[in-house]
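Participant: no sequence on this one, just coordinates:
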C-alpha cells in the first residue's frame, strides 16, 4: 500500500501526520491552561481540588502527545530533531523543565509527606501552564521565523551560530505573539473544559468570565501573529533544490491551497463560535468541543503550510541553504514506509481515547463526587 | 576533528544521570503493573473484597512511582536530540522509528487506560476495569520493548546500510532491527529484571508489615503473588542473562573480555566466580591481572561459544591480535582500514560536488570495502577499543550475577516457607527479604553499567565512537544542565521515597 507512494508523497504524508500531532497537542494544552486558572476559579480548597482532579485525569494525554511529537520528528525528520533539539538547547531544556515539574505535581500535591507542600506543586502547575506553553509557542513560531544554524562537514553537523542556543527566539516579537496567543488560547480551552466537566455554579461562572477576558487577549496576539506571518517572507525551494527568500510566502501558501484556507477559516470560526457559546448561550458545556475542533483545524492549517508548497519548514537565518525542508531532513523512504504502516494504528488510538474519555467524564465532577473519590489529586 | 573531551564526558554523565534515575522507577512500573493485573484478576474471579483492597493499595504505590518515571522518561527521549545531535542524525533513520512507535503504540495505551485504572473503579464495569489494568501492564512492557530494540541496535547495528550521500545509516530491514538476537535477549532480560525488582518491592513492603505484625493476611497474600512471580521471573532472568552473555561474546568481544577481566585469551577459559582485580594492572604493563580469583574451569568457553574448549579472546588479543587465533584482526589494522574509509568518503563527497562521476564511483567502491571498520577510523590508538573502566565493569557484572543467584534462592525459600505457613516467624528472613529490594535496584543499575560502559568507546558498535556523537555545545552548558537535573531528580527521588513510606505506613484502606 504505502510502497506505491513516491518518496515525496511519503514525506508529505508524514508532514500531515506531524501537523495533526501538533494540532492535537495545541488542543490538549487545555490542561495547562486550566492549571493557570486554579486560583482564579476557586473560592476554597475543595473547589481547587475539583478543578485539579478534573484536569488531572487528562494530563498524561498532553504529555504523551508531546513525547509522540518528538518521537515522530526523530523518526520522520531526523535532521530537524538533530538541528533544533541540539541547537536550540536552552529553549528545549526550559520546556522540559516546565513539563517535568508537571508530571509529579498532580500525584504529589495532596499526598502526605510531600516535602514541598501543596502550594509548591500548584506553583509548578502554574509554571507549566504559563511558561511551558509560552515556550512551546515560541518553539512552534521558529518553524516560520527560523533560527541561526548552519550544517557543515561530512556528517552535516549542526552549528548553532547564536550563543544563546534557542533563548534568542524569545526576543523575536513575532515568536512572542504566538507564544502569548497560545497561552491565552490554552486558558480559554482550560476554562471551557472545566465548565464541561465540573458541576459547580461558582466555578462555572468564574470560568465563563475567564473565557471573556482571555478571548480578548488571545485575539489580540493571534491576529498580530497572523498579520506578521502573512506579511513576512519565507524560504522557498526551487526545482534544483536551492533555497531562496520569497516575499509573503506564507500568505501565498494559504491562498494557493483551497483545503488549507478552508481548514483555517473553519478553525477560526469554530474557536469564535465556542467562545460565543460560552459567553452567550446555555450550551456552554459543549463549547470546548467547538473551540477544541477549531484549535485543531487552525493549528493544522498553519503548521501544514509551513512545510508544503516547496517551503523550508525550519528556515536558517544564518545560511539559507542549510534550511530544512521535507526533502533534505527526512528519513529514508524505507523508514517512512514502515512508519506509515504504524500510523494506521492512529485511528484505533483515537477510538480508545474517545471511548475511555467518555467513560471517565460521563458524570461531571461535583463536591460530593470528589469527596467520595478514593484516588484523588 | 577537534574533540572537546570535557563536553563528551559531561554529556555522558548527564545521560547516565537521567537514565539511572529513570531506572529507579521504571522497573516498579513494569512489574507492579502485572502484579496489579494478577491481583485484580483474582478479585474479579473470586469476588473476594480483600483482593480489591490489596490491588488498590499496590495501585496507590504504583501511581506515586509512575509519575516520576514519566518525568524522567521525557528528558531521556529529548536528550538524544539536545545532547547527542550528531548521533541523532547518524542513526535517526533507524533509532527514531522505535521511539515514535513507542509513543504511538505504548505511551497512549498506558496513559489512556491508567486513567481508567485509577478513576474508573465506580465508573466502568469490573471487566472493563480489569481489562484496563492489563492494558496498562501490557503498555508499559510494550514501551520497554521499543526503547530496548533501539538500544540493542546500538550494541549490534543490523538491518541498515550507510548512505554516503546523506552521511547517515539507513534502515533496510525493520524485521532484522526488531528481531535481532541481541534485541530479543535484551528485551527479555531487562523486563524480567524489572519483574524481579517489583516482586522484591512487594516482598519488602509485605515483610515489613509482618515484622510490625500488621495486616498479616494482606501481607501473606501479597507475598504469594510476589514470590511466585519473582521466582518465575528470576529463573527466566538467568536464562536470558546467559543468552545476553552469549550474544556479547559474538558481537562485543571486548565487552566480554572486560566483564571477565580476561587479558590474554585462551581455550578452555574458566569463568571467574569470585575475583579481586589487581589495581596495578594496566593495559600496557605485565602485572598480574588478579590478586585473587576462584574460577570455574571451562565455563566461560562453554557459555560464550557453547563449546568447552572454545578460544575466548582477551583484551590483549583484541588490541594486538594473536597468532594462535588468526581470525582476530588487530585493532591497528581496523583503525587503518577505517581511516581509509573516512578519507574515501570525504573524497567521494568532493567528487560528487564536482560532478566527477568516474572518480566518485571508484571512491565509493573503496568506501564500501572498508566501511565495516568505518568507526575505527576515528580512533587514534589500538587500545582505544577497550572501555576505560575495566574494574567498574568487572565488579558490576559479578555483583549483578551474584545478586541474581541470591534472588532465585530468596524467592524459593520464601515461597516454600509461606506454603508451610511459617513465613513471618523468622525475623532474619524478613529482614533479608526487606534488604533484598535495594539490592535488586542495585543489581539492575549495575546491569546497565555493564551494558553501557562496557560498550565504550562505541555509541554505535564499530560504526560511531561516542566522542564524535555529542551536540556542538559549550561544555559549561552541559555542566549546568547536569547540575540542574541532578538537583531536580534528587529532590523528586526524596519526595517519592517520603510519600511512598508514608503510604506504606498507612497501609491498605478498607473504607469501600
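Facilitator: Done, it's in. Note that the coordinates shown come from a computational prediction; the quantities given were computed from them, not determined experimentally.

Participant: and residue 278, how many neighbours?
Facilitator: Picking chain A for this. Counted with other C-beta atoms under 10 Å in any protein chain shown, residues neighbouring residue A:278 total 29. Glycine gets a C-beta too; all of them are placed from N, C-alpha and C.

Participant: Chain B was what I was after
Facilitator: 15.

Participant: what packs against the biggest helix by length in chain A?
Facilitator: Determined from DSSP state H, the single longest helix within chain A is helix A:201-231. Helices and strands touching helix A:201-231, as assessed by 3 or more C-beta pairs under 8 Å, 6 or more residues apart in numbering or on different chains; DSSP states H and E, comprise helix A:38-41, helix A:45-56, helix A:173-197, helix A:249-256, helix A:258-280.

Participant: Please work out which of those is packed deepest.
Facilitator: Greatest average neighbour count among the helices and strands packed on helix A:201-231 goes to helix A:173-197 (a mean of 25), per mean count of other C-beta atoms under 10 Å in any protein chain shown.

Participant: Near chain A, which residues of the stretch 401-512 of chain B are found?
Facilitator: Contact residues, the stretch 401-512 of chain B versus chain A (C-beta under 8 Å from any C-beta of the partner chain): B:471-473, B:477, B:481, B:484, B:488, B:491-492, B:494-496, B:498-499, B:501-503, B:506, B:509, B:511-512.

Participant: Could you identify the buried members of those?
Facilitator: Buried members of these, scored by 16 or more other C-beta atoms under 10 Å in any protein chain shown, are B:471, B:472, B:473, B:477, B:481, B:488, B:492, B:495, B:496, B:498, B:499, B:503.

Participant: wait, which of the residues you listed is closest to chain A?
Facilitator: residue B:471 (3.4 Å; C-beta to the nearest C-beta).

Participant: circling back: can you tell me which of the residues of the stretch 401-512 of chain B next to chain A are in strands?
Facilitator: Using DSSP state E, no member of those sits in strands.

Participant: quick one: which of these sit in helices?
Facilitator: Per DSSP H, these map to helices at B:477, B:481, B:484, B:488, B:491-492, B:494-496, B:498-499, B:501-503, B:506.

Participant: Give me the three-state assignment for the residue nearest to the spatial centre of chain B.
Facilitator: Central residue of chain B (C-alpha atoms, centre = their mean): residue B:448, 4.4 Å from the mean position. Under DSSP: H, G, I helix; E, B strand; the rest coil, the three-state class of residue B:448 is helix.

Participant: remind me which residues of chain B are low pLDDT?
Facilitator: Residue ranges of chain B with pLDDT under 70: B:1-3, B:510-512.

Participant: okay, now the domains of it?
Facilitator: Split into domains by automatic domain parsing, chain B comes to B:5-252+B:387-506, B:258-320, B:331-382.

Participant: from these, which stretch is densest packed?
Facilitator: domain B:5-252+B:387-506 (a mean of 21).

Participant: picking that back up, want to try JSON lines for the helices and strands packed on helix A:201-231, with distance to residue B:187 as columns?
Facilitator: Listed next are the helices and strands packed on helix A:201-231 as JSON lines, based on distance: least, C-beta to C-beta, whole Å:
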{"stretch": "helix A:38-41", "distance to residue B:187": "41"}
{"stretch": "helix A:45-56", "distance to residue B:187": "32"}
{"stretch": "helix A:173-197", "distance to residue B:187": "38"}
{"stretch": "helix A:249-256", "distance to residue B:187": "44"}
{"stretch": "helix A:258-280", "distance to residue B:187": "41"}
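
Participant: Turn the ones you listed into TSV, including mean pLDDT and distance to chain B.
Facilitator: Shown next, in TSV, are the helices and strands packed on helix A:201-231 (pLDDT from 0 to 100; distance: least, C-beta to the nearest C-beta, whole Å):
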stretch	mean pLDDT	distance to chain B
helix A:38-41	93	18
helix A:45-56	91	8
helix A:173-197	96	12
helix A:249-256	93	26
helix A:258-280	94	23
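
Participant: Ok, which of the ones you listed comes nearest residue B:375?
Facilitator: Of all the helices and strands packed on helix A:201-231, it is helix A:173-197 that lies closest to residue B:375, at 39.4 Å by C-beta to C-beta.

Participant: Kindly spell out which helices and strands sit in contact with the closest one.
Facilitator: Helices and strands touching helix A:173-197, by 3+ C-beta pairs under 8 Å, 6+ apart, are helix A:7-28, helix A:30-35, helix A:45-56, helix A:133-145, helix A:201-231, helix A:258-280, helix A:287-307.

Participant: ok and whatever helix or strand comes next after the last one relative to helix A:7-28, angle-wise?
Facilitator: Next along the chain after helix A:287-307, taking DSSP states H and E as the criterion, comes helix A:333-343. Here helix A:333-343 runs at 40 degrees with respect to helix A:7-28, directions being taken by axes from the mean of the first three to the mean of the last three C-alpha atoms, to 10 degrees.

Participant: Please determine whether helix A:333-343 lies in contact with chain B.
Facilitator: Yes: using C-beta under 8 Å from any C-beta, helix A:333-343 comes into contact with chain B via A:334, A:335, A:338, A:339, A:342, A:343.

Participant: what's that helix packed up against?
Facilitator: Helix A:333-343 is packed against helix A:7-28, helix A:59-76, helix B:85-101, strand B:168-171, with contacts defined by 3+ C-beta pairs under 8 Å, 6+ apart.

Participant: Now do the buried residues in it.
Facilitator: For helix A:333-343, the buried set under the neighbour-count rule, 16+ other C-beta under 10 Å, comprises A:333, A:334, A:335, A:336, A:337, A:338, A:339, A:340, A:342, A:343.

Participant: and the residues you listed as a markdown table, adding pLDDT?
Facilitator: Below are those laid out as a markdown table (pLDDT from 0 to 100):
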| residue | pLDDT |
| --- | --- |
| A:333 | 93 |
| A:334 | 93 |
| A:335 | 92 |
| A:336 | 93 |
| A:337 | 94 |
| A:338 | 91 |
| A:339 | 90 |
| A:340 | 92 |
| A:342 | 89 |
| A:343 | 90 |
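
Participant: closest to residue B:436 among those?
Facilitator: Each of these was checked against residue B:436 using C-beta to C-beta; the closest is residue A:342, at 39.7 Å.

Participant: ok, the closest residue to that closest one other than its chain neighbours - contacts?
Facilitator: In this structure, residue A:342 finds its nearest non-sequential neighbour in residue B:101, 5.2 Å apart by C-beta to C-beta, 6 or more residues apart in numbering or on different chains. Residues in contact with residue B:101, defined by C-beta atoms under 8 Å, 6 or more residues apart in numbering or on different chains, are A:71, A:75, A:339, A:342, B:146.

Participant: Show me what the strand or helix carrying residue B:319 is packed up against.
Facilitator: Following DSSP H and E, one finds residue B:319 within helix B:315-320. Counting by 3+ C-beta pairs under 8 Å, 6+ apart, the packing neighbours recorded for helix B:315-320 are helix B:253-259, helix B:331-353.
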